[in-house]
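> Okay, predicted coordinates and the sequence, questions at the end:
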Amino acid sequence: MRIRLGIAVAAAGLVLSAPAAAWAVAGTPPLDLNGARVLDAAGALGGREDEIQAVSDRVAAETRYRVSVVVVDAFTDAADCFEWAEETAIGSGLGPRDVLLAVAALDEEYCVSVDPSFPLSDAELDAVAARGFLHAWADGDHPAAVTEYIEDLGAAVESDGAGAGDPGADEGSGAGWVLPVIGGAAVVGVGAFAVSRIVRRRKGGATAPAGGASQEELDRRAGGLLVALDDAVRESEQELGFAEAQFGAGAVGAFQTALEGAKAGLAQAFAIRQRLDDAQPETPEQRRALTEQIIALCSEADAALDAQAEDFARLRGLEQNAPEVLARVRAEHAGLEARIAAAEGAIAQLSGRYGAAAVDDVDDSPAQARGLVAFAAEAIGRAEAALSTGAASDAAIAVRDAQQAVGQVGQLLDSVTALETELPRTAERLGQASAALRAAVAEARALPSDGGVDRAALSTAAAAAEQALSSSASGDPVAGLAAVEQATTALDAALRSARDQQAQQAALAQQLDRVRATAEQRISQAESYISTRRGGVGAAARTRIREAERLLVEAAGLAVSDRQAALDAAQQAASHADAALRLARSDVAGLDRSGGGGGIDITSAVLGGLIGGSLSRGGGSGIGGRSGGFGGISRSGPSRLRDSGGSARRSTGGAVSRRGGGGSLRSPGSSGSSRGGRRGGGGRL
């Protein structure tokens, strides 16, 4: 089985190692199962359908709930896997006592569809999948994964008290139990695009955009690849930080070079996505070519990192170093609660001083941090138990779960600390900008009537400036500064013909310094928000933040030669950063924050990208799930490190669900309930 570096494409641990070219395959539309129980047209179950059916029969006899599983190579002709599973369940006549597990083997995606009356919540369904199904599937033992899911589901139903003794056990059951696995090898998936380990075994090579894929399918695939690769780069940076702290900068030089190359490719891909998103339309031919270029760039960047997989796994050596790393993580974990309490106090003080709007982007950070602290505590317990029994691989998996969770708590709390520093600085810049604007207003009012300016435009700009000054006198300094800078730009434009060159340049220089500092702060804040909530943030927000970073670099390069152009670029950078933050918050806002089972806050782990989950779907909304980082491992979600040398593997699964009916968890703009009224969970494999 192929060893991963840790960059997973579309939250799945896959690699596209060649540019666009080759073979095209078709996906499977929603099905009528016609009473089938186990069908494996994808060849994923190794001829063990009868064995799986026997397990299904036993669990059904014990619980009176009938499990139906559909495994296809890819879902198509549906908005997403949830709709696909629902249409299949309804079209097959499945009733309230039927559960449908749908798996897309090549796209590495799964969904579970149940009746609203099913005794387990969506989060509990996701927790069932996280217990063993996802891990076994990632290891390549697909029949065992399916049977383990059925058994775990049955156990969860029985523990809930909804077993065979329930009245009306057989009411409404339609097509009977099905564990169908139906394939139609596909490259294009609904939501994120992935080429799985299965593809590598079957095809022995790379995959490429299907020549017959629709533009909508290509858009979805490109969006999924961007999200997954961006996650992978972020995780790789964290992995390098862990390794550098342990072994020194010299030991990670080659990996840093590989990462920088991947980041360059990702930057190009995001620049193309920004071009596709802007107001200037492309022809259909141009759009298709640019979208395919995104896919190829992501594929090449992933392959570059993949080439370093084994070496990095050997360097990290978590199986051998687990006790040492665990001791450090345990010590860091012990001090986190005090830091969270301090952050809560800081947020309260900042809110009281600057208003609630000023802390909007960090006010949920303590809650997210506490969820991750709980997740880390559970992982530390697993690591200690595994070490006590000599299970080195399991210990390494748990240690890395804990290490990543603790690291992300640090990021969340650092964002609060940064805001403590930045809000006073922003208030100071607001004071400077306001003083400069007042001077400009006075200059405008003092100009003689024959001063060679457009008096009407000047009067309008001056009035708008006075209004901005008045409204910014109290409250959120960020919003106030944005209003003052906007008014300054308009008034300076009106005054330009009346000012000499020296005065114009002096005014530009002052404003440029302020706007660049503001843009840098807004980018940092948006980047921190996206990074610590990446499991729920999609391609659009990530594209805007990358464009903001590019524009800020452009502004720095123009600062001496063309201050006006530099100011324009810096203003656009700040605007794109704000847009990224709005989009990211919108992606995260609709999540079902009900948490998970087993005594840990699965939602926080999924939201932070520590467990793969399908939080929202589509190219513009969060693809969710985790991609790999250098040598990453995890059992609860992404799982790697199966060899004694610590080679890289990955699986992901949903832990925060979307619903088909009631309590919707959908991308912004989608409907809150499904046509058939079923619900469920799911995510990446």
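Received, thanks.
> C-alpha only now, for contacts and for neighbours.
Fine.
> Skipping its backbone neighbours, what lies nearest Arg582 in space?
Ala541 (7.8 Å; CA to CA, 6 or more residues apart in numbering).
> tell me which element that neighbour falls in.
Element membership for Ala541, per DSSP states H and E: helix 539-558.
> Would you mind pulling the contact partners of that helix?
223-224, 226-227, 267, 270-271, 273-274, 516, 519-520, 523, 526-527, 530, 565-570, 572-577, 579-584, 619-623 (CA atoms under 8 Å, 6 or more residues apart in numbering).
> which of those are buried?
223-224, 226-227, 267, 270-271, 273-274, 516, 519-520, 523, 526-527, 530, 565-570, 572-577, 579-581, 583-584, 619-623 (16 or more other CA atoms under 10 Å).
> Show me which parts of the helix or strand encompassing Ala54 are buried, residue by residue.
Ala54 is part of helix 49-63, with elements assigned from DSSP H and E. Residues of helix 49-63 classed as buried under the neighbour-count rule (16+ other CA under 10 Å) are 49, 52-53, 55-57, 59-60, 62-63.
> Remind me what that helix packs against, helices and strands.
strand 38-40, strand 66-72, helix 142-159, strand 179-181 (3 or more CA pairs under 8 Å, 6 or more residues apart in numbering; DSSP states H and E).
> for the ones you listed, which one ends up most surrounded?
strand 66-72 (a mean of 29; mean count of other CA atoms under 10 Å).
> what about that one, distance to the chain center?
27 Å (CA atoms, centre = their mean, to the nearest Å).
> how about the very next helix or strand once past it as PDB, C-alpha atoms only?
Past strand 66-72, further along toward the C-terminus, the next helix or strand under DSSP H and E is helix 81-91. Listed next in PDB are the C-alpha coordinates belonging to helix 81-91 (Å, rounded to 0.1, in the frame of the first residue of the first chain):
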ATOM      1  CA  CYS A  81     -23.700  12.400  -0.800                       C
ATOM      2  CA  PHE A  82     -26.500  13.200   1.700                       C
ATOM      3  CA  GLU A  83     -28.900  13.800  -1.100                       C
ATOM      4  CA  TRP A  84     -27.600  10.700  -3.000                       C
ATOM      5  CA  ALA A  85     -28.100   8.500   0.100                       C
ATOM      6  CA  GLU A  86     -31.600   9.900   0.700                       C
ATOM      7  CA  GLU A  87     -32.700   9.500  -2.900                       C
ATOM      8  CA  THR A  88     -31.400   5.900  -2.900                       C
ATOM      9  CA  ALA A  89     -33.100   5.200   0.400                       C
ATOM     10  CA  ILE A  90     -36.500   6.600  -0.700                       C
ATOM     11  CA  GLY A  91     -36.200   5.100  -4.200                       C
END
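> and whichever helix or strand comes after helix 81-91, which strands flank it?
Sequence-wise, the next helix or strand downstream of helix 81-91 (DSSP H and E) is strand 98-104. Sheet partners assigned to strand 98-104 using DSSP bridges are listed as strand 66-72 (parallel), strand 109-114 (antiparallel).
> I'd guessed Arg533 sits against Leu610; true?
No - look at Arg533 against Leu610 with CA atoms under 8 Å: they stay out of range, at 9.8 Å.
> Run a quick neighbour tally on Ala42.
19 (other CA atoms under 10 Å).
> That one: what secondary structure?
Here Ala42 is recorded as coil under DSSP: H, G, I helix; E, B strand; the rest coil.
> quick one: it from Ala327, how far?
Distance from Ala42 to Ala327, counting by CA to CA, to the nearest Å: 45 Å.
> ok, back up a step: measure how buried the residue nearest to Arg582 is and give me the count.
With other CA under 10 Å as criterion, Ala541 counts 29.
> Quick check, pLDDT for it.
Per-residue pLDDT puts Ala541 at 95.
> Could you do Glu148 as well?
Per-residue confidence (pLDDT) for Glu148: 89.
> Give me the nearest residue to it, chain neighbours excluded.
The nearest residue in space to Glu148 (CA to CA, 6+ apart) is Phe133, at 5.9 Å.
> Where does that neighbour sit: helix, strand or coil?
Taking three-state DSSP, the label given to Phe133 is helix.
> if I look at it, how far off is Val103?
11 Å.
> any idea which helix or strand carries Ala580?
Judged by DSSP H and E, Ala580 forms part of helix 563-589.
> who does that helix touch, helix- and strand-wise?
Counting by 3+ CA pairs under 8 Å, 6+ apart, helix 563-589 packs on helix 501-532, helix 539-558.
> Pick the most deeply packed of these.
helix 539-558 (a mean of 23).
> to the chain's geometric centre, what's the distance from it?
On CA atoms, centre = their mean, the centre of helix 539-558 falls 19 Å from the chain's centre.
> Kindly report the same for stretch 446-462.
50 Å.
> Show the average pLDDT along that stretch.
79.
> So what would you say the end-to-end distance of that stretch is?
Start-to-end, stretch 446-462 (CA to CA) is 11 Å.
> Likewise for stretch 77-95?
End to end - CA to CA - stretch 77-95 spans 23 Å.
> Roughly how far does Gln268 sit from Leu259?
Gln268 is 14 Å from Leu259, by CA to CA.
> no wait, Gln564
35 Å.
> Can you report how many residues lie near Ser470?
Ser470 has 13 nearby residues by other CA under 10 Å.
> what sits up against the helix or strand containing it?
Assigned by DSSP H and E, Ser470 falls within helix 455-471. Under the contact criterion CA under 8 Å, 6+ apart, helix 455-471 has outside partners 434, 437-438, 441, 444-445, 449, 480, 483-484, 487-488, 490-491, 494-495.
> now these: which count as buried?
So, of the contacts of helix 455-471, 434, 437-438, 441, 444, 480, 483-484, 487-488, 490-491, 494-495 end up buried under the neighbour-count rule (16+ other CA under 10 Å).
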